[in-house]
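**Student:** Turn this into a model:
(one chain, ligands or ions: 1)
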Amino acid sequence: MPAQIIDGKAIAAAVRARTKSRVSKFVLQTGITPCLVTVLVGEDPASQIYVRNKGKGCIEAGMFSRQVDLPASVSEKELLDLVSQLNADESVHGILVQLPLPDHIDESKVIEAISPGKDVDGFHPVNAGRLLTGKPAFIPCTPLGILEMLDHEKVHLKGKHAVVVGRSNIVGKPAAILLLSRHATVTICHSRTTDLPAVVRTGDVLVAAVGKAEMIRGSWIKPGAVVVDVGMNRLPGGKLAGDVAFDEAREVAGKITPVPGGVGPMTIAMLLHNTLEAAVRRAAAK
Ligand code: NDP
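**Tutor:** Below is the predicted model:
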């Protein structure tokens, strides 16, 4: 029997509806409307679309959104000055600087300049450290979305073997820590892993975050496994493909996320959740 498809669009819509209703209660209780500021440097078309959708998502959830567009020629100092102004601005709850940044700007300097309490992307080392040590943190939106999907699908993680392919700071590593926090036994794979297919075959849960179209074949997948495909790879001709060969994997897996319509929609949904959370935490700290 082919795998059950995990409908990321529907789960994301449910998360967004939940956030919207929490936002309206929060606004009524506190008079504060959560506000996300997105900063876009340069004119990369994909980044423009992402940022626009993030802003639209905020408005739909009843929050404020402001977008600051800067030319690609902006200096690192100018960008850092903007971040520090936004840090000091009481009306701003979340700050998101869209990555990638032009080569002359040090991304990690910019990430580290954002106040950890406004770091709704969860990329600041303070938030990464808090996640690692099991403390409340802003968790990067894509891995948080993955966990939300697994919870929605009632996937039991305790004692299961989760294999994460990819060790980036924004997806692979935080996804692995989250799975570990749910008592899965976690293996993290990367480009130097020996015999990747054999390791992947041991995964009851597989998270693929590689960035290589259809690299993970159906024959690598453990029968009945839950497969989460984070990959978003543009094929020649424009079609979007995941990191997993979907048609093959579907014949073997128990559940699988499609691309598009899987993890992708969850990312913005969790960003809206984090923005509300930033406002709630600040209000509680007053
Ligand atoms: P990175 O390029 O930062 O990381 C890729 C990881 O894959 C690295 O750890 C790398 O290993 C590993 N890798 C590369 N080639 C191989 C290989 N042949 N075998 C095993 N491991 C390999 O990517 P991201 O984590 O940022 O993103 C991964 C994918 O997820 C991309 O397709 C991206 O577009 C997508 N994505 C989707 C999002 C969504 O909202 N759906 C959000 C974010 C990302 P090493 O460390 O050794 O180099």
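
**Student:** If residue 70 is in a bridge, with which residues?
**Tutor:** Going by DSSP bridges, residue 70 is paired in beta bridges with residue 41.

**Student:** Could you check how many residues crowd around it?
**Tutor:** Counted with other C-beta atoms under 10 Å, the neighbours of residue 70 add up to 17. The way it works is simple: take the backbone N, C-alpha and C, and place the C-beta from them, glycine included.

**Student:** how about the residues of the protein that lie near the ligand?
**Tutor:** 142, 165-168, 170-172, 189-193, 196, 209-212, 230-233, 263-264, 267 (C-beta under 6 Å from any ligand atom).

**Student:** wait, residue 8 sits on residue 259?
**Tutor:** No: with contacts counted by C-beta atoms under 8 Å, residue 8 stays clear of residue 259, the gap being 9.2 Å.

**Student:** So if I had to pick from those two, which one is more boxed in?
**Tutor:** It is residue 8, of residue 8 and residue 259, that has more neighbours when counted by other C-beta under 10 Å, with 27 against 24.

**Student:** Can you say which of the residues of the chain next to the ligand are buried?
**Tutor:** Buried members of these, counted by 16 or more other C-beta atoms under 10 Å: 142, 165-168, 170-172, 189, 193, 196, 209-210, 230-233, 263-264, 267.

**Student:** for residue 83, helix, strand, or coil?
**Tutor:** When classified by DSSP: H, G, I helix; E, B strand; the rest coil, residue 83 comes out as helix.

**Student:** surely it meets residue 111?
**Tutor:** No: the pair residue 83 and residue 111 fails to qualify as a contact (C-beta under 8 Å) at a distance of 9.4 Å.

**Student:** Overlap of the contact sets of the two?
**Tutor:** Shared contacts of residue 83 and residue 111, defined by C-beta atoms under 8 Å, 6 or more residues apart in numbering, comprise residue 97.

**Student:** thinking again about what came up before, let's see which of the buried ones among the residues of the chain next to the ligand end up in strands.
**Tutor:** Mapping these onto strands (DSSP state E) picks out 165, 189, 233.

**Student:** Near residue 158, how many other residues are there?
**Tutor:** 8.

**Student:** quick one, phi/psi of it?
**Tutor:** The phi/psi pair for residue 158 (degrees, to the nearest 10) reads phi -60, psi 120.
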